[in-house]
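A.B. asks: below is the sequence, then the predicted model.
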Amino acid sequence: GFKSMGSPRHMTHQGKGNVKARTRMVMQYALAFEESLLVVGTDHASEAITGFYTKWGDGAVDITPLSTLNKRQVRQLAAHLGVPQEILDKAPSAGLWEGQTDETELGISYEANSDYLEGKQIDPAAQEKLEAFYTRTHHKRNAIPGI
């Protein structure tokens, strides 16, 4: 751990969340291997713009059928497919720790995020935050560099 590296601190909430997301993915790929299946991701454009997924965790999948849809469109599709209302109304969360929600962690609503992706005007502070997330997390959307 950190102490063996000379650091007195403990792993952060976010660091532990990344470990949990990667552990989930290990299990999903283990099951997929045993059953000759693909791992299907739930990432969508609203998460991609913010980088709100764990690299080699929930971002490591074989196919992402929702990747071109924003969160509003994902909810509309889910409603059309008959997903129960209590699921549609539930606050989005990766479930990585108690009380965690996507919007609280990001500090931006999915409504503003979806509006931005649809080319609508949003609060300038929210736009700046979205664009900063996009810039800061570009490494998640790029191929692994070679040397």
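C.D. replies: Noted; the coordinates are in hand. Note that the structure is a prediction, hence the values are computed from the model and not measured. Numbers count the residues shown, from 1 in each chain.
A.B. asks: low pLDDT regions in the chain?
C.D. replies: The model of the chain has pLDDT under 70 over residues 1-2, 8.
A.B. asks: next, the buried residues of stretch 37-49.
C.D. replies: By 16 or more other C-beta atoms under 10 Å, the buried positions in stretch 37-49 come out as 41, 43-49. Any C-beta I mention is one placed from the backbone N, CA and C, and that applies to glycine too.
A.B. asks: between those, which is nearest H139?
C.D. replies: The shortest approach to H139 among those belongs to A48, at 12.9 Å (C-beta to C-beta).
A.B. asks: which residues does the closest one contact?
C.D. replies: 67, 141 (C-beta atoms under 8 Å, 6 or more residues apart in numbering).
A.B. asks: helix or strand: which one has it?
C.D. replies: helix 45-50 (DSSP states H and E).
A.B. asks: apart from its neighbours in sequence, what residue is nearest the residue positioned nearest the centre of the chain?
C.D. replies: Centroid-nearest residue in the chain: Y53, 3.0 Å away (criterion: C-alpha atoms, centre = their mean). Nearest non-adjacent residue to Y53, counting by C-beta to C-beta, 6 or more residues apart in numbering: G59, 4.2 Å away.
A.B. asks: which residues does that neighbour contact?
C.D. replies: Taking C-beta under 8 Å, 6+ apart, one finds 41, 43, 53, 140 in contact with G59.
A.B. asks: want to throw those residues into JSON lines with distance to K3?
C.D. replies: Formatted as JSON lines, these follow (distance: C-beta to C-beta, whole Å):
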{"residue": "G41", "distance to K3": "35"}
{"residue": "D43", "distance to K3": "35"}
{"residue": "Y53", "distance to K3": "29"}
{"residue": "K140", "distance to K3": "29"}
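A.B. asks: what about R22, neighbour count?
C.D. replies: 17 (other C-beta atoms under 10 Å).
A.B. asks: quick revisit: and what about the residue nearest to the centre of the chain, helix, strand or coil?
C.D. replies: coil (DSSP: H, G, I helix; E, B strand; the rest coil).
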